[in-house]
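# build me a structure from this.
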Amino acid sequence: MADDGNGGSSTGIVAVLVIFVIVIVIVLAVFAWKSGLFGGRKTQINVNVAVPQSSPQRQPAPQSSP
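Numbers count the residues shown, from 1 in each chain. Down below sits the predicted model:
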């Protein structure tokens, strides 16, 4: 005998509930990542570059022409 379609509606409800649960889990994961629970804001990159300091160069004294 052919199915009269009574089981099809429960499958649709389950599919909608599964999609709803997946969306809730994604929203909670994004919120937890933004709040730093998973270390989302702890990534720091140090870009300080130290330039070696050389000893100051002395300028030669100006010479007067004779």
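
# any stretches of the chain with poor pLDDT?
Scanning the chain with the threshold set as pLDDT under 70 gives 1-8, 38-44, 55-62, 65-66.

# redo that, cut-off 80
Where the chain drops to pLDDT under 80, the residues are 1-9, 35-66.

# sec struct for Gln63, please.
Of the three states, Gln63 takes coil under DSSP: H, G, I helix; E, B strand; the rest coil.

# tally of neighbours for it?
6 (other CB atoms under 10 Å). Quick note: C-beta positions are derived from backbone N, CA and C, even for glycine.

# which strand or helix spans Ile22?
Element membership of Ile22, judged by DSSP states H and E, is helix 6-34.

# buried set for that helix?
Of the residues in helix 6-34, none count as buried by neighbour count, 16 or more other CB atoms under 10 Å.

# count of neighbours near Ala47?
I think there's a mix-up here, since residue 47 is Val and not Ala. Every residue meeting other CB under 10 Å relative to Val47 is counted, giving 5.

# going forward, begin numbering at 245 instead of 1
Sure, I'll start counting at 245 from here, so that last one is Val291.
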